[in-house]
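*Asks:* Please find the sequence and the predicted model below.
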Amino acid sequence: MSSTSTTRRRVLKTAGAAATAMAFPYVARAQAPMVIKFSHVVAEKTPKGQGALKFKELAEKKLPGKVDVQVFPSSQLFGDAKEMEAVLLGDVQLIAPSLSKFDRYTKKIQIFDLPFLFDDIAAVDRFQSGPKGQELLVSMKNRGLVGVAYWHNGMKQLSTNRDRLVRPEDVKGLKFRIQASDVLEAQFRALGANPQKMAFAEVYQALQTGVVDGQENTWSNIYSQKFHEVQKTIAETNHGIIDYMVVANAKWWDGLPPDVKKGLSEAMAEATTFANKLADDINQDDRKKIEAASKAKIQKLGKEDVAAWRKAMEPVWKKFEGDIGRDLIDAALKSNA
Ligand code: SIN
């Protein structure tokens, strides 16, 4: 075959493909997988980090060639301050902020920050899967966000750069990093301490340089961020929780082709079961690693000590009951049974 006829055949083929793409644009688009960016702020070896990777694996298996899930951990793409905006602008499709970071979007979600509300994560799970918890997933739709799952991390512990951390009076006057939550701000004010809202990615340096004296977090976040290397004492207070809502841009989620939405919903449900089963093991393992590292001392508390922390934080409930609603608080208390 002459090179002229080969070239002519190639030109005709390309023109034919272009005409098909113009006549049937969805044919051309269907071939490129839909890119789904999932951005979060923690390390991969944490409950949320593992959940995001599991979701990627399952979604791509259920929707072969149709979706390309890209996970960005450790604030690589967006940190706390920008991730909500990014999902609203469509720069990412999924994020999973801590439940403490949504109070700009709904006051009701502040329920999760009330100190000593939930006895343990099993109680949190019961509340989240009940009617009130499920209502909260769709409570931000008018603000453009829809919750597609709750993911667990665990109970919060308190750490400082002081040797003694047993009773509430031990934190008087100390500066604490907090997540962007008015309830957490009130909690530290009730203790006579000075709270400072700060993005997660900045906490290690703030602790290391003494910008703040302490912080509150789960064992997995403390270990993966090496907070125990720059703190002297971690008191086992279990005074609150860090859990997540996986959220999507509501318009994007509602507008997904039905088969893609079904596959993603199934992948999300299975990844949720996987991550939630793992969360406690990761936290307990990381607690052991912190103990073995012998940098920060783990301070166990007696019943009376815990009662003193509980009493000191009590005023916070009254302050936020109006915003949150008594019905929600009662439902949460019932989940402790
Ligand atoms: C997270 O677990 O996503 C971060 C929590 C924090 O900001 O302390």
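*Replies:* Noted; the coordinates are in hand.

*Asks:* which residues in the stretch 51-200 of the chain form strands?
*Replies:* Per DSSP state E, counting those that start in this stretch, the stretch 51-200 of the chain carries strands over the ranges 67-72, 94-95, 145-155, 157-160, 175-178, 194-197.

*Asks:* Of all the ones you listed, which one comes closest to residue 331?
*Replies:* Nearest to residue 331, of all the strands of the stretch 51-200 of the chain, is strand 145-155, at 14.7 Å by Cβ to Cβ. Where you see a C-beta, it was placed from the backbone N, CA and C, and this is true even at glycine.

*Asks:* What's the separation between residue 236 and the ligand?
*Replies:* Separation of residue 236 from the ligand (Cβ to the nearest ligand atom, to the nearest Å): 17 Å.

*Asks:* do residue 241 as well
*Replies:* Plainly put, residue 241 is 11 Å away from the ligand if you go by Cβ to the nearest ligand atom.

*Asks:* ok, the nearest residue to residue 225 once chain neighbours are set aside - contacts?
*Replies:* Nearest non-adjacent residue to residue 225, counting by Cβ to Cβ, 6 or more residues apart in numbering: residue 204, 5.4 Å away. By Cβ atoms under 8 Å, 6 or more residues apart in numbering, the contact set of residue 204 is 225-227, 230.

*Asks:* pLDDT averaged over the helix or strand in which residue 204 is found - what is it?
*Replies:* Here residue 204 sits within helix 203-208, counting by DSSP states H and E. The predicted model gives helix 203-208 an average pLDDT of 98.

*Asks:* Residue 158 reaches residue 167, doesn't it?
*Replies:* No - using Cβ atoms under 8 Å, residue 158 is not in contact with residue 167, being 11.5 Å away.

*Asks:* Could you report the neighbour count for the residue lying closest to residue 207 once chain neighbours are set aside?
*Replies:* Nearest residue to residue 207 in three dimensions, chain neighbours excluded: residue 230, at 4.5 Å (Cβ to Cβ, 6+ apart). Residues within reach of residue 230, counting by other Cβ atoms under 10 Å, total 20.

*Asks:* Ok, residue 167 next?
*Replies:* Using other Cβ under 10 Å, residue 167 has 15 other residues around it.

*Asks:* Same question for residue 256.
*Replies:* By other Cβ under 10 Å, the residues close to residue 256 number 18.

*Asks:* With residue 92 instead?
*Replies:* By other Cβ under 10 Å, 23 other residues sit near residue 92.

*Asks:* right, and it touches residue 77 too?
*Replies:* Yes - judged on Cβ under 8 Å, residue 92 makes contact with residue 77 at a distance of 6.6 Å.

*Asks:* Contact residues of the stretch 101-250 of the chain facing the ligand?
*Replies:* By Cβ under 6 Å from any ligand atom, the residues of the stretch 101-250 of the chain that approach the ligand are 153, 179, 200, 217, 221, 242.

*Asks:* pLDDT score assigned to residue 26?
*Replies:* Predicted confidence (pLDDT) for residue 26: 49.
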